[in-house]
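# Have a look; sequence and predicted model below, questions after that.
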There are 2 protein chains.
Amino acid sequence: MRPGFSKAAGSTLESFIMGLVDVAARPGMISFATGLPDNDLFDVEGLKRAADEVLTEDPCGALQYDSSAGYIPLRKRIAERCRRVYGFDATYEDVFMTSGSQVCFDLVSRMMLDPGDAMVVENPGYLGAIQSFSAYSPRFIGADIGPQGVDTCQLASAVSDGAKLFYSIPDHQNPSGYSYSESTRREVADIISGSGCLLLEDDAYGELGYAGRVGRTIKSMAVEDTVMTGSFSKTISPGMRVGWMIVPEWMREQTSRSLEACCLQSATFCQRIIDRFMQDRDYDAYLDGLRRGYAAKKRVFLDAMEDNLPDTVRWNDPDGGMFIWLRTPDGTDATRLFERLIEEGLVVMPGRPFHVRGGENTVRLNFATPSEEGIREGMRILGRVCRELY
Amino acid sequence: MRPGFSKAAGSTLESFIMGLVDVAARPGMISFATGLPDNDLFDVEGLKRAADEVLTEDPCGALQYDSSAGYIPLRKRIAERCRRVYGFDATYEDVFMTSGSQVCFDLVSRMMLDPGDAMVVENPGYLGAIQSFSAYSPRFIGADIGPQGVDTCQLASAVSDGAKLFYSIPDHQNPSGYSYSESTRREVADIISGSGCLLLEDDAYGELGYAGRVGRTIKSMAVEDTVMTGSFSKTISPGMRVGWMIVPEWMREQTSRSLEACCLQSATFCQRIIDRFMQDRDYDAYLDGLRRGYAAKKRVFLDAMEDNLPDTVRWNDPDGGMFIWLRTPDGTDATRLFERLIEEGLVVMPGRPFHVRGGENTVRLNFATPSEEGIREGMRILGRVCRELY
């Protein structure tokens, strides 16, 4: 007799994402599919210098265990950023370092969700996070998202029906590229505050607004009811796996205990390199450079879309982040497009898996990963197959 | 109204361990308490060179996302070690890289345990792992451990009563320092095989047998019913957080899905540094040097014990690992000793929290972390307080 898997194991959703990383790595394949940052924008020399400094100045500190919540100077740096950039007060004791923000999704779900509890996700919403939540067997309620952000009527209705958690990316959302308007943010804060529903505000792309941040953080308006997460994966390096979460004071002790149980601590070495890198460089100026790089890349991508795609498909022009949201004609299913494109050597991400309902005619395109040559070649393929199908 | 925590959050045990890391870090405090490797045995120059090479030769590979299961060359290296050192065949597809072995404990429990399921832990057993399991609300059954390993009658009884999981450290166990005899290993393999109970074999200290490995891995005798975990925390650097698990083929797909859900992937950068370090150095010769270093440290520690401690306390002489198991007189409670020692500037780890039952008169001592001077000074304190109390 073989050991049987748990119920939770059975409820964990499959994810397209990592499978597509492998498909995209095939020789000759052009990828608009994944959420990989632009290789050309890594500051390799800066990170090499930071790694060397960290291993020269306090090697044992960098290689040894550290306290579970993480490296205090880096936590202080993030707390300082809360006050200066994110618009609310926090101390380093509110900041917990994790091995990437996926760990934050897992931690928040394990702390808040019992099987069958309702939680609200954006429709469409970020698939990787939804997969993480699914391991805790919640009942997912989708709240539609559009160019002004989440539908606050749908959100309010779910919260008043007892939803325990709302997962949101207010800035340059994955997959849609949409950002919440100021009034949507305010309404979300009002709905959440004191409701018994926790907001998990994912700031994955917040630092990648091409003209600066697009709006106030919702946590700044509902600080006691919000966990804010972020990571250095999109700004410095995903291969370092350094993420963080800022929790209200009433969650500190439980977060500490649950973090220790699930992973003990995240890598001291990588945390120190990130901290050193931020100290060595003017981090705000560094981010400006990054924003200019991605804005230029988006321009190339949009120009190639305009040059190649037929009128039968539509798309948006996001003001930050890494994604463009493509719509094929109403009533069509983009799965067919996805399959034909792979045959032609281009991978895109179908929008359907990001949805609780609908979304058959949507596709997520990442303009950050491909080279400019890849963009032009990939767009010729996309245009040809769109004209063939629509 | 504040959001309420989940039932799982409430069941997660507190752990002494990380709290003691903070106490031990107080200025002037000598620590025999934690499981930190010896700072003097880190190969700082070797790791600095490996980090530099990794960032020079393929910087984007090192800084970018990788597939969820981890860096293939390192997984192949571990699979090769399975054949050559651990005594069973594995391919790299059986090997999953994690951010330290704590993540493996979490992953295996989430895959196997529903609330209320019975699982067997060694009595005493490793507290950090037990904390990790506790988040899944199992019913813990303790199987006593002694100088020959686990009590196989108690194990067999629990397994026949339907236990789903058995967590075991057969080599230089934490906290006791005991290793399983060859016949105990054989019996465990027989009990587990085909029983419906999965063995989680933690090889944390297996590479630190001073005269080489002390016995065959139990996985080599029950390959389909065992998940083996290990990490580079005790051999290369805990601050890198690079652990791994080797699963039977029938668990591969579920492991892949659950790993992706809980943490996406572990740090590409650290995995590549470890891989490069193992390639640059003769890793077996490196391990021999480490073993000699720890054996010498243990000798200094045991000599200081013999010179300072009264006859009323007893201890063992482990053949590997980092821990010595101290017993105060029957009927005494070592909590008092622990408290008095902190007043005198020495931290030790009481044995009681490692136990499902009993263990009041036990203490875990780590000889790896303190300096030789710290050992001599700490042992004078320990001797003085033991004579005062017993």
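Sure thing, it's come through.

# and the stretch 151-300 of chain A, which residues reach chain B?
Counting by CB under 8 Å from any CB of the partner chain, the stretch 151-300 of chain A comes close to chain B at A:164-165, A:194-198, A:224-225, A:233, A:237-241, A:250, A:254, A:257-258, A:260-270. C-beta here means a position set from N, CA and C on the backbone, and glycine is covered the same way.

# Touching, residue A:238 and residue B:62? I think so.
No. Checked against CB atoms under 8 Å, the pair residue A:238 and residue B:62 is beyond contact range at 10.8 Å.

# Next one: the closest residue to residue A:169 other than its chain neighbours relative to chain B, how far apart?
Distances taken as CB to CB, 6 or more residues apart in numbering or on different chains put residue A:202 closest to residue A:169, at 4.7 Å, once the chain neighbours are dropped. Residue A:202 sits 14 Å away from chain B when distances are taken as CB to the nearest CB, to the nearest Å.

# so how far is residue A:213 from residue A:202?
With distances taken as CB to CB, to the nearest Å, residue A:202 is found 14 Å from residue A:213.

# So which of the two has more stuff around it?
A side-by-side neighbour count of residue A:202 and residue A:213, using other CB atoms under 10 Å in any protein chain shown, places residue A:202 first with 25 against 17.

# Which strand residues bridge that one?
For residue A:202, the beta-bridge partners are residue A:229 (DSSP bridges).

# picking up where we left off before, for the residue nearest to residue A:169, what are its contacts?
Residues in contact with residue A:202 (CB atoms under 8 Å, 6 or more residues apart in numbering or on different chains) are A:101, A:126, A:129, A:167, A:168, A:169, A:229, A:230.

# Which of those fall in helices?
A:101, A:129 (DSSP state H).

# and which of the contacts of residue A:202 is nearest to chain B?
Looking at the contacts of residue A:202 and their distance to chain B, the nearest is residue A:101, at 8.8 Å (CB to the nearest CB).

# burial measure for the closest one, as a count.
27.

# what's the answer for residue A:2, then?
By other CB under 10 Å, 13 other residues sit near residue A:2.

# okay, now the closest residue to it other than its chain neighbours: neighbour count?
Excluding its sequence neighbours, the residue lying closest to residue A:2 (CB to CB, 6+ apart) is residue B:250, at 6.4 Å. Using other CB under 10 Å, residue B:250 is surrounded by 12 other residues.

# hey, what's residue A:243 bridged with?
residue A:98, residue A:231.

# and it, what does it touch?
The contact partners of residue A:243, taken as CB under 8 Å, 6+ apart, are A:97-104, A:229-233, A:266.

# Chain B versus residue A:200, what's the distance?
To chain B, residue A:200 is 11 Å away according to CB to the nearest CB.

# before we move on, back to that, which one of the contacts of residue A:243 sits closest to residue A:366?
Taking CB to CB as the measure, residue A:366 sits nearest to residue A:233 out of the contacts of residue A:243, at 13.7 Å.

# Go ahead and report the secondary structure state at that closest one.
Using DSSP: H, G, I helix; E, B strand; the rest coil, the secondary structure recorded for residue A:233 is coil.
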